[in-house]
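In: Using only what follows, build the 3D model:
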Amino acid sequence: MALSLWYSLRGYVKIQVKGNEPIRLIELARENEIPVRGIKSEGQGVLTACVTPKGFIMLRAINRSAKCSVHIVKKTGVPFFLANFRSRPMLFWGGAFALAALYLLTGFIWSTDVSGCLQTGEGQVIEALKNEGVVQGTPISQIDHSGLGDRLVLQTEGVSWIGVTIEGTRLLVEVVEETPPPEALDDTTPASIVATKEAMIASLFVYEGEAMVKEGQRVTPGQTLVSGVLGFEGMLPVHARADIVGRVWYTGRAFVSYETSEYVRTGKVQNAAVIEIAGMEATTPSEFAHCDTERSVSCELSGFFLPMKIAQETRYEIASRVVQRSEEEVKSLAREASFSASSAQIPKDARIIDAKTTFQRTENGIIAITVIETNESISTVSPISVG
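Out: Presented below is the predicted three-dimensional model:
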C-alpha cells in the first residue's frame, strides 16, 4: 500500500513493448537500474509494464540494442493530474477552495424532512426539535442523538415512536403515529357474516347463525353468508360465528416486445482527472451524452482535516442499439411480469393453490395472462339492528 502510494505521488506511465524479444528490454532496464514493475504479457511479442517518467526516457535510450517498439498507453499519478491545471491554475485553486468551503458547511444541519405525519402536524415535531436545540444551522456535533427520538415523543401528541437520522446535512425524522384499536364487536352483539370480495365458497363451518350459502356457490361483496337472525320472523337475533374459506382468482397481464434496446461502446474515449475532497468531486464535464466510466485512484490521503483522493477517470461513449429477442426469452419475461402483477394483489394470509399462464401473440410481442387461485378468508362481521 505504501509503495503504491509512493508511485502515485511520483507518477508513473504504463508502457506497451512490442518486438521479437520484448523481455530483452526489461532485462536491459534492470541491468541499468531502471525500476520496472507490473510486467504483464499481452500475447506473443507484446508485454506491458509500469515505469517512472524518468525511467521511460532512459528506456528509450537503451532500446537501440533491444530493437523494440515502446509507447505509452496510460499516464497515472499526481504530476500528470496537476499538469491538466497548469494553464488554468485559478480553476484548480478555485475548485479546491469551493470544495473546502462545502466540506465545512457539511458539519451543519441545513434542512429537516419529517415523514409519517398523517394526523399529527409536522409543526408539532419541528417545535419539539427547537425545544431540543435542533434548528437549521445547528452543528451536527452538538446534536445529542442519545434518546432524542424518545424525548420528541414525550413532547408530541398522538405519536408512538420517532426515529431521527442524519444524512449529510439533512435531518430525517420518521414519525409513527398511534393507531387506535379497532372497535371490537361484543360476542353478544347481534351480527351477521358478509362477504368482503367476489369468491367461490370452498368450505363453510357454521357455529352460530343460519347459513345463507353453500359450498361451491359464488358470492359477491356485501352478500350475507351467515345470518345472525334465527326464526321465521327474526325473533332470535344472535352473533353469527363461522369459519369460511373462499376460492379467489387474481389476474395479472404483461406485454413484452420482441425488440429491446441495449447500450454498446462506440469506441470514443475521454480521459479526465478527478479530485475528491470529503466525498465531493471536481472534474471536467463529460463529452458524451451517455457513457460507461472506469476510475482508478492515483493518490489517496486520509487522516487529515480534508481527506482527499486524486483519481483518473476513463469515459467510454455508449450508444443505444435495437436487439431482437427470441420467442422463448420473450415468453419467460412476460410470464414473470404477469405473475408479479397478479401476486401483488394477493393478501399476505392467502394460500396459493394454483397458477396458470396463457399467451397471446401480437405483431410486436407477446401478452402473458397469469391467473392465480387462492384459498383465503373472505368474510367479516356486520352488526344488525334489532327492533
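In: those helices in this structure, which residues are they?
Out: For the chain, the helices defined by DSSP state H occupy 2-10, 22-31, 53-66, 78-83, 89-105, 122-131, 148-155, 327-343.
In: Can you check which of those gets nearest to residue 200?
Out: Distance to residue 200, taken as CB to CB, is lowest for helix 327-343 among those, at 17.4 Å. C-beta coordinates here come from the backbone N, C-alpha and C atoms, glycine included.
In: roughly how far is that closest one from the heart of the chain?
Out: Here helix 327-343 is found 23 Å from its chain centre; the criterion is CA atoms, centre = their mean, to the nearest Å.
In: Could you dump the helices of the chain into CSV with mean pLDDT added?
Out: Below are those laid out as CSV (pLDDT from 0 to 100):
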stretch, mean pLDDT
helix 2-10, 57
helix 22-31, 83
helix 53-66, 80
helix 78-83, 69
helix 89-105, 67
helix 122-131, 88
helix 148-155, 87
helix 327-343, 95
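In: Can you tell me which of the ones you listed is nearest to residue 282?
Out: If you check each of the helices of the chain against residue 282 by CB to CB, helix 89-105 wins as the nearest, at 4.2 Å.
In: close enough to count as contact, residue 68 and residue 27?
Out: No - counting by CB atoms under 8 Å, residue 68 stays clear of residue 27, with 11.6 Å between them.
In: Buried residues of stretch 346-365, list them for me.
Out: 350, 355, 357, 365 (16 or more other CB atoms under 10 Å).
In: Number of residues surrounding the residue nearest to residue 179 when sequence neighbours are not counted?
Out: Using CB to CB, 6 or more residues apart in numbering and skipping the chain neighbours, the partner closest in space to residue 179 is residue 160 (7.8 Å). Residue 160 has 10 neighbouring residues, counting by other CB atoms under 10 Å.
In: give me every residue that touches residue 160.
Out: By CB atoms under 8 Å, 6 or more residues apart in numbering, residue 160 lies in contact with 153, 176-179.
In: what separates it from residue 111, distance-wise?
Out: Shown here: residue 160 relative to residue 111, a distance of 25 Å by CB to CB, to the nearest Å.
In: Show me the shaky parts of the stretch 101-250 of the chain.
Out: Applying pLDDT under 70 to the stretch 101-250 of the chain flags residues 101-105, 181-186, 231-235.
In: Show me the beta-bridge partners of the nearest residue to residue 318 once chain neighbours are set aside.
Out: In space, and not counting its chain neighbours, residue 318 is closest to residue 263: 4.1 Å by CB to CB, 6+ apart. Note on residue 263: beta-bridge partners residue 320, judged by DSSP bridges.
In: right, and residue 263 touches residue 290 too?
Out: Yes - counting by CB under 8 Å, residue 263 does reach residue 290; the two are 6.4 Å apart.
In: who touches both of those two?
Out: Shared contacts of residue 263 and residue 290 (CB under 8 Å, 6+ apart): 318-320.
In: thinking again about what came up before, can you redo the helices of the chain as CSV with distance to residue 285?
Out: Converted to CSV, these look like this (distance: least, CB to CB, whole Å):
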stretch, distance to residue 285
helix 2-10, 25
helix 22-31, 38
helix 53-66, 28
helix 78-83, 17
helix 89-105, 13
helix 122-131, 39
helix 148-155, 41
helix 327-343, 37
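In: can you put these in CSV and add distance to residue 378 and mean neighbour count?
Out: Below are these laid out as CSV (distance: least, CB to CB, whole Å; neighbours: other CB atoms under 10 Å):
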stretch, distance to residue 378, mean neighbour count
helix 2-10, 66, 13
helix 22-31, 78, 17
helix 53-66, 78, 15
helix 78-83, 68, 16
helix 89-105, 58, 13
helix 122-131, 39, 16
helix 148-155, 39, 16
helix 327-343, 18, 17
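In: who wins for proximity to residue 46 among those helices?
Out: With CB to CB as the criterion, residue 46 lies closest to helix 22-31 of those, at 6.7 Å.
In: Contact partners for the nearest residue in space to residue 222 that is not next to it in sequence?
Out: Leaving aside its chain neighbours, residue 222 sits nearest to residue 194 (5.7 Å; criterion: CB to CB, 6+ apart). By CB under 8 Å, 6+ apart, the residues touching residue 194 are 222-225, 379-380, 382.
In: Out of the residues you listed, which comes closest to residue 270?
Out: Proximity of the contacts of residue 194 to residue 270 (CB to CB) peaks at residue 380, which lies at 63.6 Å.
In: okay but residue 299 is in contact with residue 310, surely?
Out: Yes - using CB under 8 Å, residue 299 makes contact with residue 310 at a distance of 4.3 Å.
In: Okay, and the beta partners of the spatially most central residue of the chain?
Out: What sits nearest the mean C-alpha location of the chain, by CA atoms, centre = their mean, is residue 167, with 16.0 Å. Note on residue 167: beta-bridge partners by DSSP bridges are residue 170.
In: give the contact list for residue 343.
Out: Applying CB under 8 Å, 6+ apart, the residues near residue 343 are 250, 252, 352, 372.
In: let's see it at 6 Å
Out: Going by CB atoms under 6 Å, 6 or more residues apart in numbering, residue 343 touches no other residue.
In: so how far is residue 352 from it?
Out: Look at residue 343 and residue 352: by CB to CB, they are 8 Å apart.
In: Common neighbours of those two, please.
Out: Applying CB under 6 Å, 6+ apart, one finds that no residue jointly contacts residue 343 and residue 352.
In: among the contacts of residue 194, which ones are buried?
Out: The neighbour count (16+ other CB under 10 Å) marks 223-225, 379 as buried among these.
In: between these, which is nearest residue 18?
Out: Closest approach to residue 18 among the buried ones among the contacts of residue 194 (CB to CB): residue 379, at 80.9 Å.
In: Test my guess that the closest one contacts residue 244.
Out: Yes - counting by CB atoms under 6 Å, residue 379 does reach residue 244; the two are 4.6 Å apart.
In: intersection of neighbour lists for those two?
Out: Common neighbours of residue 379 and residue 244 (criterion: CB under 6 Å, 6+ apart): residue 225.
In: Just list the residues touching residue 196, thanks.
Out: Contacts for residue 196 were tallied using CB under 6 Å, 6+ apart; they are 378, 380.
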